[in-house]
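Asks: sequence first, predicted model second:
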Amino acid sequence: MACQVLVLNQVHLLGYITPLLLGYMMVCFHRGTSRVVTLLWGFTIGLIFDIFNNTAGMASAACTFVAMIQQPLLNMFAPRDAAEDFVPTFNSLGFWSYLSYTLILMFVLHAVFYLLDAFTLSDWQMTLYAIVGGTLLSCLITFFVELLVRTRKVQ
């Protein structure tokens, strides 16, 4: 969270593309995590982001929505015989499934956040660029973080 607040909020590619790495925390929730705990963590992560960035509840709403769809989406991509403590990673899901899972969650996070930020479709092109660009940049950063975290644990 500190990386998001101190570093990534200062990144504005092309003036409006900002990565939201806080979605990575929700990508990593275990399969067996209860819905209430997931929703509370999603809201808390978004609330901390809102407090430090003065975004008036936009991140809380976006993170809570992503936390709400995370478990059903993970069940779609996880193997049927996976354990309750199944953690979504490159190794456990496979590259393409993990890519799809992460892209969908990051896209939903960015779409809800930036649509609440714009709250109008008068400048829909800029909103669309921010959603797509932020999603791609966040997924790229998420993959690098995942590689750093998971390779360090294996060794």
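Replies: Great, that's in hand.

Asks: leaving out the residues flanking it, which one is nearest to the residue nearest the centre of the chain?
Replies: Nearest to the geometric centre of the chain sits Gly23, at 2.0 Å (C-alpha atoms, centre = their mean). In space, and not counting its chain neighbours, Gly23 is closest to Leu109: 4.4 Å by C-beta to C-beta, 6 or more residues apart in numbering. All C-beta spots, glycine's among them, are computed from the backbone N, C-alpha and C.

Asks: do the same with Phe86
Replies: Arg31 (3.9 Å).

Asks: dump the residue contacts of that neighbour.
Replies: Applying C-beta atoms under 8 Å, 6 or more residues apart in numbering to Arg31 gives the contacts Gln71, Leu74, Asn75, Ala78, Ala82, Ala83, Glu84, Asp85, Phe86, Val87, Pro88.

Asks: let's verify the spatially closest residue to the fifth one that is not a sequence neighbour: helix, strand, or coil?
Replies: In this structure, Ala82 finds its nearest non-sequential neighbour in Arg31, 6.2 Å apart by C-beta to C-beta, 6+ apart. Three-state assignment for Arg31 (DSSP: H, G, I helix; E, B strand; the rest coil): coil.

Asks: for Ser138, see how far away Arg31 is.
Replies: 22 Å (C-beta to C-beta, to the nearest Å).

Asks: again with Leu20
Replies: Taking C-beta to C-beta, one finds Leu20 at 6 Å from Ser138.

Asks: need the overlap of contacts for the two.
Replies: Met106, Leu109, His110.

Asks: tell me which residues of the host helix or strand of Ser138 come out buried.
Replies: Using DSSP states H and E, the element containing Ser138 is helix 124-154. By neighbour count on 16 or more other C-beta atoms under 10 Å, the buried set for helix 124-154 is 127, 129-131, 133-139, 141-143, 146.

Asks: no more questions from me, cheers.
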